[in-house]
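Colleague: Provided below for reference: sequence and predicted model.
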Number of protein chains: 2
Amino acid sequence: MTSPAEPGGPHGARETATDVAGAGSPRALVVGTGLIGGSLGLALRQRGWHVSGLDADAGRATAALAAGALDEIGEGLAAEVVFLATPVAIAAEIGQAVLADRRRPADVVVSDVGGVKTPITTALSDPRFVGGHPMAGSEQIGIDGAEADLFVGATWVLTPTATTDPGAYSRLSAVVASLGADVVALSPADHDRMVAVVSHVPHLVAATLMNAAATGAETDALLLRLAAGGFRDMTRVAAGHPGIWPDICSDNSTAIVAALDQLLGDLGTMRDRVATRDRAELFDVLERAARARRALPARAVRPEHLAELRVPVEDREGVFAEITTDASNLGINIYDLEVAHSAEGPRGVLVMVVGSEDARRFRDAIVERGYHCTIGELS
Amino acid sequence: MTSPAEPGGPHGARETATDVAGAGSPRALVVGTGLIGGSLGLALRQRGWHVSGLDADAGRATAALAAGALDEIGEGLAAEVVFLATPVAIAAEIGQAVLADRRRPADVVVSDVGGVKTPITTALSDPRFVGGHPMAGSEQIGIDGAEADLFVGATWVLTPTATTDPGAYSRLSAVVASLGADVVALSPADHDRMVAVVSHVPHLVAATLMNAAATGAETDALLLRLAAGGFRDMTRVAAGHPGIWPDICSDNSTAIVAALDQLLGDLGTMRDRVATRDRAELFDVLERAARARRALPARAVRPEHLAELRVPVEDREGVFAEITTDASNLGINIYDLEVAHSAEGPRGVLVMVVGSEDARRFRDAIVERGYHCTIGELS
């Protein structure tokens, strides 16, 4: 396992990221000061961070400063955490430059906020980069829509890979959690496959329904007058700015096509049921959907009882990604994670906090991988 | 034109429906006292009506009485307006019995609340029946979800046909408007084609998206944790009780299949755009949807300036349906409508109120049909 905290390593040892800022506040850099970047700035500053910001559009950076989302416009060379909140097309390049910049702290953690994770995690296979996707947004655009509590209660996916440094992950995860978000660790491919189903395809469907109704309204002039609450709900996301979608569709093309093919098959079956007036089957499929929708979790709730799993890890690449992927396959969320390094070098103990009821299942999976694992109950 | 108000006609002459109730309140009968029937009862009583109610389930009628939605459980033989709010499968039969009941006022107006209008308007081709569809609802079921202001601001479609008595239409329309609803007149076929696009197919799509996500969650255990606001919005209607949908899908099968085929074609095109990463076309189609969604009228607003169109109508069947269909084809809403009968028999004057800006277009269409038409500005 690569560890930037390795004593005598190229970047030298440092105990905690907070030291970097010197006396006073921890420091962050936000690159791209639109809706998400601006909200990040507001949220971090509210929690005592010193936030520097950059934007390719100088006017946008000035507006973010005026809106209180930044302490200063600048490169934030002392930042211990850097969030790339630019359009995805340029995020990887900027990330590369940040990670290569020897003036920055050696253990700077870099993350991004894009909606597709495989391309950027492939491009930035640095131990200090952890892909991220805050699943929060708004139909608003730019700094005017920014809110300090945009992430409170939102799911924020982090996508560690085999090259990710667990220490970088755990520091980033703590920052994200401190903003009120609910951190979910997934592999980039798992993330991309899942968001195709619950976000990308629904968005394309909403746009398609809206366009079909708009086209229908050209001949049936009163058609949109009949669009009641259900239609309004279903097409709401289609009102969002289309700017990010060509990138998303292009970057996640394979998963979106697969999910669309599945949907086309399912809708074709539905069509045949309606054509043959198969009432019993129609009832069953709608009943199944009603049950699933009613059971849809409103918001993730941190379980009342937590358990701590401790896994001694050797200098072996990928252990961390293996274990977090196991967790997501088992439907287990890791609420906290840290790496306790032993004194004598790269080996350490991976400490993970999960719901008590999940602890045994998770330990069994970890043991099956050939690791030791002990469980301690918390609270 | 058939007119129940024709002097010496089979039912005898009567000036206004309100006379039927004798001294005091106008009287209504609601058959079926669930969510819609109960809400109708509450709304009518709040406006001074005496409301009788019937339900095949005696317990449900008692609950509606207890909830204040009814004045009494009973046949309401003096009711001048009867709303059929039963399951659609039995509404036509009950409507037939009500219309055939000689103990009732000769000019009783009967309407229903079903989501598909062609079958019931075909089955009940009585001049005194006017199909209706209040486009309001709730995910709740039964009298517990009933609300007096369920219809305030909602679109309520009425579907006059060639056999509909304009007098019955105008009385019903006035009652519905008095409940706060926005009345839209459409032919049954137009209604069914349009709701397939803006209601029925979106509902089936919501259920299909929900089921696809639920199936995905069987292997990707954290998938539903990623379901953010957009997905929740898009699948909300799928939580509703599936009970009414087999009837709707069966009764409106042709229009739903046509709209689903259109959607399948559009989604197939979308799929190909994603597969070929056609960024320019993806942007255009999403941009078009965003514009259309932002322009979606929030709620119908009665125009500030109204005009009155007066059309002398002879004893010719279908004139009324012709004219209202013209209006809907032109995207013109008729805000008020009444028939002023002349003293000497079946001829009369159709008086319609529309937005001032629509008056000339509408008059031109009416004149093209071979009628006289004069415009008078109101307010």
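Modeller: All right, it came through fine.

Colleague: Not counting sequence-adjacent ones, nearest residue to A:Ile120?
Modeller: When the adjacent residues along the chain are set aside, A:Ile120 lies closest to A:Ala92, with 5.3 Å between them (C-beta to C-beta, 6 or more residues apart in numbering or on different chains). (Each C-beta comes from the backbone N, C-alpha and C, glycine too.)

Colleague: nope, A:Trp156 is what I meant
Modeller: Nearest to A:Trp156 is A:Ala181, by C-beta to C-beta, 6+ apart, at 3.7 Å.

Colleague: and that neighbour, how far is that from A:Val205?
Modeller: Using C-beta to C-beta, to the nearest Å, one gets 27 Å for the distance from A:Ala181 to A:Val205.

Colleague: next one: A:Arg293
Modeller: Counting by C-beta to C-beta, the gap from A:Arg293 to A:Val205 is 16 Å.

Colleague: and these two? which has more neighbours close in?
Modeller: A:Val205 (27 against 23; other C-beta atoms under 10 Å in any protein chain shown).

Colleague: Looks to me like A:Val157 is in a helix.
Modeller: No - A:Val157 is assigned strand when assessed by DSSP: H, G, I helix; E, B strand; the rest coil, not a helix.

Colleague: Report the buried residues of whichever helix or strand A:Thr269 is part of.
Modeller: Assigned by DSSP states H and E, A:Thr269 falls within helix A:253-275. For helix A:253-275, burial by neighbour count (16 or more other C-beta atoms under 10 Å in any protein chain shown) applies to A:253, A:255-257, A:259-260, A:262-264, A:266-267, A:270-271, A:273-274.

Colleague: what comes up buried for stretch A:370-379?
Modeller: A:371, A:373.

Colleague: go on, stretch A:148-166?
Modeller: So stretch A:148-166, judged by 16+ other C-beta under 10 Å, has buried residues A:148, A:150-151, A:154-161, A:163-166.

Colleague: Sort out which one of the residues you listed lies nearest B:Met210 for me.
Modeller: A:Thr155 (18.0 Å; C-beta to C-beta).

Colleague: Just give the nearest non-adjacent residue to that closest one, would you?
Modeller: Using C-beta to C-beta, 6+ apart, the closest residue to A:Thr155 is A:Met135 (4.6 Å).

Colleague: Now do the helix or strand that contains A:Ile94: distance to the chain's middle.
Modeller: Secondary structure from DSSP H and E places A:Ile94 in helix A:88-100. Relative to the chain's own centre, helix A:88-100 is displaced by 17 Å; criterion: C-alpha atoms, centre = their mean, to the nearest Å.

Colleague: Same question for stretch A:94-106.
Modeller: So, by C-alpha atoms, centre = their mean, the centroid of stretch A:94-106 is 22 Å from its chain's centroid.

Colleague: Kindly check the end-to-end length of it for me.
Modeller: 17 Å (C-alpha to C-alpha, to the nearest Å).

Colleague: Give the buried residues for that stretch.
Modeller: Buried, per 16+ other C-beta under 10 Å, within stretch A:94-106: A:94-95, A:98-99, A:104-105.

Colleague: nearest to B:Thr235, of those?
Modeller: Looking across the buried residues of stretch A:94-106 and measuring by C-beta to C-beta, the closest to B:Thr235 is A:Gly95, at 34.6 Å.

Colleague: List the contacts of A:Asp272.
Modeller: By C-beta atoms under 8 Å, 6 or more residues apart in numbering or on different chains, the contact list for A:Asp272 reads A:Asp278.

Colleague: Please name the nearest non-neighbouring residue to A:Gly68.
Modeller: A:Leu42 (6.6 Å).

Colleague: And A:Ala91, by the same measure?
Modeller: A:Leu84 (4.4 Å).

Colleague: Bridged to the one you found, which residues?
Modeller: Counting by DSSP bridges, A:Leu84 is bridged to A:Val31, A:Asp112.

Colleague: From A:Val98, how far out is it?
Modeller: Using C-beta to C-beta, we find A:Leu84 at a distance of 8 Å from A:Val98.

Colleague: Which neighbours do these two have in common?
Modeller: A:31, A:110.

Colleague: How many residues are close by A:Ala227?
Modeller: Neighbours of A:Ala227 under the rule other C-beta under 10 Å: 24.

Colleague: residues in contact with it?
Modeller: Contacts of A:Ala227 by C-beta under 8 Å, 6+ apart are A:213, B:198, B:296.

Colleague: so the second one, which of the three states?
Modeller: When states are read from three-state DSSP, the local structure at B:Val198 comes out as helix.

Colleague: so who does it touch?
Modeller: A:213, A:216, A:223-224, A:226-228, A:231.

Colleague: Which pLDDT value belongs to A:Gly327?
Modeller: No Gly there; residue A:327 is Ala. We note a pLDDT of 84 for A:Ala327 in this prediction.

Colleague: What are the boundaries of the helices in the stretch 251-379 of chain A?
Modeller: A:253-275, A:279-295, A:319-329, A:356-368 (DSSP state H, counting those that start in this stretch).
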